[in-house]
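Participant: All I have is the shape, not the residue letters:
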């Protein structure tokens, strides 16, 4: 008889815990991450944004630590971009950390342009990358 009472007690405890867990799962909402949409700007190409022209002119240096190499420091890359507003062209040298960042490079009346990273990332120390691309995020301004 004691055995049956023990089994019934364990079953009721188990059912009670399952009910609590299912209630907790119903009440928790998962936050969905919205993917970032990035624009790839190839070397020597340009993109027009609200009357501005952004040009990716050159990679001055690429000192990022390759994936298959052990380094003390992750490194960085230096690039030159030009921004033309229709009357004046301004050249900017930007240093991009190896892990990328989220740096505003300019804004218009309706958009903000962020520089995210330089691709591709070097794999071996002997890699000679020629097909560089800037990864940009062109975000509408919130009103």
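Facilitator: Great, that's in hand. Quick caveat, the model's predicted, so the values are computed rather than measured. Residues are numbered from 1 along each chain as shown.

Participant: switch to C-alpha atoms for all contacts and neighbour counts from now on
Facilitator: Noted.

Participant: List the contacts of residue 82.
Facilitator: Contacts for residue 82 (Cα atoms under 8 Å, 6 or more residues apart in numbering) come out as 53-57, 89-92.

Participant: what separates the closest residue to residue 38 other than its chain neighbours from residue 40, distance-wise?
Facilitator: Closest residue to residue 38 apart from its sequence neighbours, by Cα to Cα, 6 or more residues apart in numbering: residue 137 at 4.9 Å. Distance check for residue 137 against residue 40: by Cα to Cα, to the nearest Å, it reads 9 Å.

Participant: Neighbours of the nearest residue to residue 55 once chain neighbours are set aside, how many?
Facilitator: The spatial neighbour of residue 55 that comes closest, neighbours along the chain excluded (Cα to Cα, 6+ apart), is residue 46 at 4.2 Å. Neighbours of residue 46 under the rule other Cα atoms under 10 Å: 16.

Participant: just to revisit the earlier point, to which secondary structure element is the residue nearest to residue 38 assigned?
Facilitator: Secondary structure from DSSP states H and E places residue 137 in strand 133-140.

Participant: For that strand, give the mean pLDDT please.
Facilitator: Mean pLDDT, computed over strand 133-140, is 91.

Participant: do stretch 50-65 as well
Facilitator: Computed over stretch 50-65, the average pLDDT equals 92.

Participant: now stretch 34-41
Facilitator: On average, stretch 34-41 scores 82.

Participant: Report the contact partners of the residue nearest in space to the middle of the chain.
Facilitator: The centroid of the chain falls nearest to residue 116 when counting by Cα atoms, centre = their mean (6.3 Å). By Cα under 8 Å, 6+ apart, the contact set of residue 116 is 100-103, 134-137.

Participant: hang on, the earlier thing: buried ones among the contacts of residue 82?
Facilitator: Among the contacts of residue 82, those buried by neighbour count (16 or more other Cα atoms under 10 Å) are 54-57.
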